[in-house]
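**Q** Make a model of this:
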Amino acid sequence: MKTRLLVSALFIMLITVTSFGAVKPYPVKKNVMNRDLVITNLMNGIKSGNQGLRLSSSYFLGELKSDEAVIPLMRILKSDENEEARIMAALSLVKIGDARGIFTIKQAISFDSSERVKKMCSIFYQYYLSKK
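**A** Residues are numbered from 1 along each chain as shown. This next block holds a predicted model:
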């Protein structure tokens, strides 16, 4: 009985060592994304009629710090009817950090029709000033 238990334990250890002990690392494939294509698709997304797609596209344009998106995001911040879209555009403009976008956020603090948008733009602008 002890011999059988010992053989089983050795067999399990042998399998474990051969399975996990000397594993060659697989070559890591780099996920190369075509930035221009991604930005083009996101720019099309902010023109969509789908509100969720518009908001997420605005967000990711800010994450990518896309200079091409500054003008469309400024347009959203100035004239979109949806408060959430204007707030997301302001957030993305702060992330991009372009002077034109920052100026638009500064203007929205004073002139936007929504108190919520004014407050959020003020928070974003203060954050921008603290990082600068």
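
**Q** Tell me which residues touch S92, please.
**A** S92 is in contact with 58-59, 61-63, 69, 73, counting by C-beta atoms under 8 Å, 6 or more residues apart in numbering. (Glycine included, C-beta is placed from N, CA and C.)

**Q** mind listing what the closest residue to it other than its chain neighbours touches?
**A** Spatial nearest neighbour of S92, excluding adjacent residues (C-beta to C-beta, 6 or more residues apart in numbering): G62 at 2.8 Å. For G62, the contact set (C-beta under 8 Å, 6+ apart) comprises 69, 73, 91-96.

**Q** Give me the contact list for the helix ranked longest in the chain.
**A** Taking DSSP state H as the criterion, the chain has its longest helix at helix 115-131. Here helix 115-131 makes contact (C-beta under 8 Å, 6+ apart) with 83, 86-87, 90-91, 93-94, 97, 102, 105-106, 108-110, 112.

**Q** repeat that with 10 Å
**A** The contact list for helix 115-131 (C-beta atoms under 10 Å, 6 or more residues apart in numbering) reads 77, 80, 83-95, 97, 101-102, 104-112, 114.

**Q** just checking, which of those residues belong to helices?
**A** Among these, the members falling in helices (DSSP H) are 77, 83-95, 101-102, 104-111.

**Q** Buried subset of these, written for ChimeraX?
**A** The buried residues among those can be selected in ChimeraX (16 or more other C-beta atoms under 10 Å) with this line:
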select :77,85,86,87,88,89,90,91,92,93,94,95,101,102,104,105,108,109
